[in-house]
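# based on what follows, work out the 3D shape:
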Amino acid sequence: MHLAARNPPFLHSEHSGRRPLFAHLPPQFGAIGLRPSRKRREGVGFFNVFMIPSLHGKALSETQMENSSRKELVWGKRTRIPALEIRIDAIPDMYRGGWQTPIRDFLKQWVGAEVFSGQATFWQWGSMSANYIPNADWGWSEFIIQFGLPMRSLELLEEHLSGLFMGCVRISEEVEARRSMGWAPFCHVEQSRVWRPEDTYTWCHI
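Numbering: from 1, shown residues only. Alright, predicted model coming up:
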């Protein structure tokens, strides 16, 4: 797994001065290490997180090891970027609890068709919005941004979701893209595959 950050994720300790942010290991890993990566892209520094998987003290299977593959989350240097807005409380009920699934399914088809072998990450951030309501009543929207894919992919995704979500999706004006705002990764493209987070520490390909 790789983490992208502008500042090394260290905490201060009165004994060692600095210590890794991941001070307490999750139960599925037996050891962890953190070191800056030499790789830089779009003005972003990457940090390699090394985890040694374990499962109740036993080695993981090859499938489990594959699901625990290192991920390099992509975050660009732009602070304002076009976003795809989805009005969650207005889409069909069948999608409200799983609106991310058709996005991942679309990306899986797109990556295969375009033979995309790079890396990209899709991020989500929720907020109240009145963009869809004529009388300016407020509702909940999820804003989607991505780094790594061409802008055309976001336009095709809007077109695809428009039919599923009854038109309650659109590319909005540029939104502020700062990690400190709470943008969360929900989809990642790497190794010509689309990945989803299984939990806080594990990504699985779909």
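# so where do the strands sit in the protein?
2-5, 10-13, 17-20, 29-41, 44-53, 80-87, 120-129, 139-147, 169-176, 184-190, 193-197, 203-205 (DSSP state E).
# hey, least reliable of those by pLDDT?
Mean pLDDT is lowest for strand 10-13 among the strands of the chain, at a mean of 32.
# list the buried ones in stretch 104-116?
Across stretch 104-116, burial judged by 16 or more other C-beta atoms under 10 Å covers R104, F106, L107, K108, W110, V111, F116. Any C-beta I mention is one placed from the backbone N, CA and C, and that applies to glycine too.
# which two of those have the greatest separation?
Within these, R104 and F116 form the most distant pair, 14.3 Å apart (C-beta to C-beta).
# now D199: how far from I206?
Per C-beta to C-beta, to the nearest Å, D199 is found 15 Å from I206.
# now swap in I88 and tell me
Applying C-beta to C-beta, the value for I88 to I206 is 22 Å.
# now swap in W140 and tell me
In this view, W140 and I206 are 26 Å apart by C-beta to C-beta.
# now swap in K108 and tell me
Here K108 is placed at a distance of 6 Å from I206 (C-beta to C-beta).
# one step back: which of D199 and I206 has more neighbours?
More crowded of D199 and I206, by other C-beta atoms under 10 Å: I206, with 12 against 9.
# ok, the more buried one - contacts?
I206 sits next to R104, D105, K108, R193, V194, W195, R196 when contact means C-beta atoms under 8 Å, 6 or more residues apart in numbering.
# one more pass at 6 Å, please.
Applying C-beta atoms under 6 Å, 6 or more residues apart in numbering to I206 gives the contacts R104, V194, R196.
# what of V175?
Contacts for V175 (C-beta under 6 Å, 6+ apart) come out as A83, F143.
# list the beta-bridge partners for it.
Legend: beta-bridge partners of V175 under DSSP bridges are I81.
# how close does it sit to G163?
Here the criterion is C-beta to C-beta. By it, V175 lies 24 Å from G163.
# what does E174 give?
Per C-beta to C-beta, E174 is found 25 Å from G163.
# more neighbours: the two, which one.
Legend: neighbour count by other C-beta under 10 Å for E174 and G163, higher for E174 (13 against 9).
# I'd say the more buried one and R78 touch.
No. Using C-beta atoms under 6 Å, E174 is not in contact with R78, being 8.9 Å away.
# per-residue pLDDT, M65?
For M65, pLDDT reads 38.
# domains for the protein, by residue range?
Per automatic domain parsing, the structural domains of the chain span 2-67, 80-205.
# ends of the longest one, what's the gap?
Spelled out, it's domain 80-205. For domain 80-205, the first-to-last residue distance is 29 Å (C-alpha to C-alpha, to the nearest Å).
# please name the nearest non-neighbouring residue to P197.
Nearest non-adjacent residue to P197, counting by C-beta to C-beta, 6 or more residues apart in numbering: W203, 5.7 Å away.
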